[in-house]
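Student: Got a predicted structure plus its sequence, pasted below:
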Amino acid sequence: MKKKILALVLVLALVASVAIGLAACNDNGDQLVFGLICLHDENSTYDKNFIDAAREAAKAKNAKLIIRTGIPESAACYDAAVDLVDQGCDVIFADSFGHETYILQAAEEFPEVQFSHATGTHAHTEGLDNFHNAFASIYEGRYLAGVVAGYELNEMIESGKITADQAKMGYVGAYPYAEVVSGYTSFYLGAKSVCPSVTMEVRYTSSWYDETAEKNTATALIDNGCVLISQHADSSGAPTACEEKGVPNVTYNLAFPDNDTYLVGSRINWAPYFEYLIDCVANGTEVADDWTGHLSTGSVELLAYGAGVSDEVKAEVEKVKAKLLDGSLKVFDCSTFTVGGKMLTEYMADVHPDPDPKNPIPDTQVIKTENGVTYFAESADGFRSAPYFDVRIDGITEINEA
């Protein structure tokens with residue numbers, strides 16, 4: 001009889017233990033559910049970069065991944081977020097700048113779910129425990145890609161293909177936003193660090209993803225004397241134009257190693273942030289309001305080199321990368337560029353959005369001096385992750401600014 005009672009007690013204890021375990025789980029057992037909202041689908045190099053990283057992070061952390069693609073920057077984003085909540089998502093991430101308003105709305109309505117957003121600006125002032133922004137110092141990657149471009153220009157000059165004053169690069173930009181300006185400026189400064197005579201022309205497509213417009217814009221730049229092309233737009237349009245025209249090309253988010261004209265590219269690797277986000281939610285720990293990834297966190301990467309890039313150039317790029325990592329080199333070192341012929345010594349940037357227009361937050365002085373170097377502190381700790389470098393420097397010309 002005592003043995004039967006003991007056995008019953010053990011069974012009841014086991015049942016209680018299972019019940020407690022189940023109570024701590026969501027509808028998917030103990031598997032965290034991660035929802036990803038994308039502006040386009042995998043045909044967009046930008047969105048594919050997020051999708052690949054989310055798959056990598058979900059696999060590494062044994063999370064269930066639900067992806068919604070083709071979600072415009074409209075109320076459809078809010079609807080997608082609500083649908084993901086209904087499907088049991090514990091954390092939801094949106095990848096486009098214009099998604100932020102709608103993700104914030106969903107975060108206010110569903111406080112039990114964690115929401116995060118790329119390139120956003122509001123998380124550090126909204127003060128919500130479940131709403132976050134994230135980005136990375138991609139200007140470091142673009143600078144390194146610019147160094148590769150600069151060496152390519154030098155080779156063209158030395159071989160007699162062009163003269164020093166013909167070293168003009170072209171840049172296909174989506175919109176004249178700070179994110180694009182920061183990217184093309186860092187790319188230009190990387191090239192200028194090894195090819196002092198370089199200039200650059202920027203043309204905008206007024207779209208993040210329009211393969212035809214991007215190809216036509218790259219072609220227009222080439223026809224206007226640009227001998228090397230890079231981009232901040234989300235299709236293969238510009239690389240295709242470069243391949244057809246035989247013009248060297250530097251990409252963003254996706255490598256084209258089979259293209260004869262491809263040199264290198266850069267990207268944000270979102271997997272480290274996604275793994276961090278999943279870990280925080282799974283462990284119930286606080287998620288940073290505004291997270292910035294760097295070269296040091298594996299969040300900023302150069303893509304594969306093209307066949308035409310020499311080992312000597314690769315070695316030089318590694319030396320530059322080491323200086324970026326140890327802080328001895330600043331991408332936006334004010335001694336390396338001028339604005340209207342003068343060195344930039346101060347700049348008040350619109351770092352903080354104004355939740356209350358009647359009580360605006362003052363702009364922020366973002367010029368710093370450390371170890372004798374005066375520089376523009378882009379995406380810096382204590383400011384915000386999303387870019388705010390919108391300075392137009394000498395040597396770069398904008399065409400048809402939208």
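Tutor: Nice, I can see it.
Student: what's the distance between the residue most central in space within the chain and Ala106?
Tutor: What sits nearest the mean C-alpha location of the chain, by Cα atoms, centre = their mean, is Ile268, with 4.7 Å. Distance of Ile268 to Ala106, given as Cβ to Cβ, to the nearest Å: 24 Å. Using the backbone N, CA and C atoms, a C-beta is placed for each residue, glycine as well.
Student: can you check Gly141 too?
Tutor: Plainly put, Gly141 is 31 Å away from Ala106 if you go by Cβ to Cβ.
Student: swap in Gln166?
Tutor: As judged by Cβ to Cβ, Gln166 and Ala106 stand 52 Å apart.
Student: Looking at these two, which has the bigger crowd around it?
Tutor: Ala106 (23 against 15; other Cβ atoms under 10 Å).
Student: how about Asp260, phi and psi?
Tutor: Taking degrees, to the nearest 10, you get phi -60, psi -30 for the backbone angles of Asp260.
Student: Surely it and Glu243 touch.
Tutor: Yes: under the criterion of Cβ atoms under 8 Å, Asp260 makes contact with Glu243 at 6.7 Å.
Student: Checking my notes, Met156 in a helix, right?
Tutor: Yes: assessed by DSSP: H, G, I helix; E, B strand; the rest coil, Met156 belongs to a helix.
Student: mind listing what it touches?
Tutor: Applying Cβ atoms under 8 Å, 6 or more residues apart in numbering, we find Met156 in contact with Ile162, Ala167, Val227.
Student: pLDDT-wise, which helix or strand of this protein ranks last?
Tutor: Ranked by mean pLDDT, DSSP states H and E, the helix or strand of the chain with the weakest confidence is helix 2-23, at a mean of 36.
Student: residue ranges of the strands in the stretch 151-300 of the chain, please?
Tutor: Remark: strands assigned in the stretch 151-300 of the chain by DSSP state E, counting those that start in this stretch are 168-173, 199-204, 228-232, 249-252, 262-268, 290-293, 300-302.
Student: Out of those, which is the most enclosed?
Tutor: strand 228-232 (a mean of 30; mean count of other Cβ atoms under 10 Å).
Student: Mind giving me the packing neighbours of it?
Tutor: On a contact count with 3 or more Cβ pairs under 8 Å, 6 or more residues apart in numbering; DSSP states H and E, strand 228-232 meets helix 138-158, strand 168-173, helix 178-192, helix 211-223, helix 237-245, strand 249-252.
Student: now the angle between helix 211-223 and that strand, please.
Tutor: 150 degrees (axes from the mean of the first three to the mean of the last three Cα atoms, to 10 degrees).
Student: Give me the angle between strand 228-232 and helix 237-245.
Tutor: Computed with the same axes, to 10 degrees, the direction of strand 228-232 lies at 160 degrees from that of helix 237-245.
Student: could you give the angle of strand 228-232 to strand 168-173?
Tutor: With the same axes, to 10 degrees applied, the angle from strand 228-232 to strand 168-173 works out at 20 degrees.
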